[in-house]
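Enquirer: fold the following and give me the result.
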Amino acid sequence: MKNQSLKSSKFRIGKRTFFFDVNVASNDSKYLRVTESRFVEEGKDHIRNSVVLFPEDVQSFQENLKEMVGHLN
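Expert: The predicted model follows:
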């Protein structure tokens, strides 16, 4: 069975588009895939990079992201 998408969102920053997708794997476990798609140059394919986060990793990721964002101010 192919992975099922439960929820998706996207937003753009300049030439980059970010996708947030919550999916269900064939073993019924949920995961979050964060994908960046960026435009390189005319006539070329977009470059995509993804990070997959499982439920047990989300809290640690969120805490570290919040800490790092705090250093931007």
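
Enquirer: what bits of this protein have low per-residue confidence?
Expert: 1-2 (pLDDT under 70).

Enquirer: grab the nearest non-local neighbour of the residue nearest to the spatial centre of it.
Expert: By CA atoms, centre = their mean, the chain has its centre lying nearest to Val34, at 0.6 Å. Among residues not flanking Val34 along the chain, Val51 sits closest, at 4.8 Å (CB to CB, 6 or more residues apart in numbering). (Each C-beta comes from the backbone N, C-alpha and C, glycine too.)

Enquirer: and the gap between the one you found and Ser9?
Expert: Distance check for Val51 against Ser9: by CB to CB, to the nearest Å, it reads 15 Å.

Enquirer: over to Thr35?
Expert: Applying CB to CB to Thr35 and Ser9 gives a distance of 11 Å.

Enquirer: neighbour count: those two, which is higher?
Expert: Counted by other CB atoms under 10 Å, Thr35 and Ser9 do not tie: Thr35 has more neighbours, with 15 against 9.
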